[in-house]
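Chemist: Mind folding the following:
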Amino acid sequence: MPDLMRLASTVLLSYLRQTSLRETDVQRRLREETSRLQESGWAVVPEQAQFLALLVQISGAKRVLRLGTFTGANKKDYGAYFGRAMVLVRTDGVLAFNNVFWSGNVLNMATRKNPRSPSGR
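Modeler: Below you'll find the model as predicted:
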C-alpha cells in the first residue's frame, strides 16, 4: 500500500506542476538544478513558495520574516521566535508555519504517544 501512495503522490505532484504551478523558465531551471543537490530536500518546494507568495499578495504584507534552515534558525528556539512574532505581527497579520503536519504523523495514531511528535504534546 505505501508504494501505491507514493505512486499516487508522484502522479499528483506531476499533475499539479503541469496545471497549476506558475514559475518562470529561470525558476524552473533553478528548481531542477537544485533538485540535483544532496541538500535539495531542505529547499522550499515551488508549490509552497507559490502559496506563500499568494499569502503575501492577498494580505498586502509590506514586511515578511521567514525563519528556516538557511537563516540559521534553530528549532529549539522556535518557541522564542513565535513569542516575538506574536508581538511584531499586526492585528490582521498572518503567521504561517512549515511542517506543522509532520509528514502526516499528526494524524497517525501510532505517533500520538511520541513526545517528539506535535500530536503527542
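
Chemist: Can you find the helix or strand in the protein with the smallest mean pLDDT?
Modeler: helix 2-19 (a mean of 74; mean pLDDT, DSSP states H and E).

Chemist: Quick check: what element follows that helix along the chain?
Modeler: Remark: after helix 2-19, the chain's next helix or strand is helix 25-34, criterion DSSP states H and E.

Chemist: Quick one: list the elements packing against that next one.
Modeler: For helix 25-34, there is no helix or strand it packs on, judged by 3 or more CB pairs under 8 Å, 6 or more residues apart in numbering; DSSP states H and E. The C-beta positions use only the backbone N, C-alpha and C, and glycine is treated the same way.

Chemist: buried stuff in that helix?
Modeler: By neighbour count, with 16 or more other CB atoms under 10 Å as the criterion, the buried positions of helix 25-34 are R31.

Chemist: Give me the contacts around it.
Modeler: E23, S40, A43, P46 (CB atoms under 8 Å, 6 or more residues apart in numbering).

Chemist: Is T91 in a helix, a strand, or coil?
Modeler: Three-state call for T91 (DSSP: H, G, I helix; E, B strand; the rest coil): coil.

Chemist: Tell me how many other residues crowd the residue nearest to L16 when sequence neighbours are not counted.
Modeler: Among residues not flanking L16 along the chain, E47 sits closest, at 6.2 Å (CB to CB, 6 or more residues apart in numbering). Residues near E47, counting by other CB atoms under 10 Å, number 14.

Chemist: again, but for P46
Modeler: Using other CB under 10 Å, P46 has 17 other residues around it.

Chemist: any idea how far it is from S20?
Modeler: 10 Å (CB to CB, to the nearest Å).

Chemist: G83 now?
Modeler: Counting by CB to CB, the gap from G83 to S20 is 35 Å.

Chemist: Check Q48 too.
Modeler: Counting by CB to CB, the gap from Q48 to S20 is 13 Å.

Chemist: Same question for Q38.
Modeler: Q38 is 28 Å from S20, by CB to CB.

Chemist: Which of the two has more residues huddled nearby?
Modeler: More neighbours surround S20 than the other of Q38 and S20, with 9 against 6 (other CB under 10 Å).

Chemist: rewinding a little: so which of the contacts of helix 25-34 belong to strands?
Modeler: Using DSSP state E, no member of the contacts of helix 25-34 falls within strands.
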